[in-house]
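Trainee: quick check, what structure comes out for this input:
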Amino acid sequence: MTGEELVSHTVFVWFISIMTAGVAGYYFFARSFQAVKLWNADTPELRDKRFGCLIGIAIGAIGAIGVLKYHLS
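Mentor: Down below sits the predicted model:
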């Protein structure tokens, strides 16, 4: 660590990883529960919400997989 850095590179990487994994985990689980509630939706508005939930699940999965791939490679 040089005099110009506030934190080391390792601390920064772990902070960003924890923040990303936290948001990704929230999106994945929150949208999963909401999608289950909307699974048998029969109105166009509820079907749109279900589609949004599926997109949120995909975003959460991509974020979690990205963090895992970074730390396991």
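Trainee: now the helices for this protein?
Mentor: For the chain, the helices defined by DSSP state H cover 9-37, 44-72.
Trainee: would CSV of those helices with mean pLDDT be doable?
Mentor: CSV is the format used below for the helices of the chain (pLDDT from 0 to 100):
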stretch, mean pLDDT
helix 9-37, 90
helix 44-72, 90
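Trainee: can I get the ones you listed in TSV with mean neighbour count and distance to residue 3?
Mentor: Any C-beta I mention is one placed from the backbone N, CA and C, and that applies to glycine too. Shown next, in TSV, are the helices of the chain (neighbours: other Cβ atoms under 10 Å; distance: least, Cβ to Cβ, whole Å):
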stretch	mean neighbour count	distance to residue 3
helix 9-37	14	15
helix 44-72	14	28
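Trainee: enumerate every residue touching the residue sitting nearest the centre point of the chain.
Mentor: By Cα atoms, centre = their mean, the chain has its centre lying nearest to residue 24, at 1.3 Å. Contacts for residue 24 (Cβ atoms under 8 Å, 6 or more residues apart in numbering) come out as 59, 60, 61, 62, 63, 64, 67.
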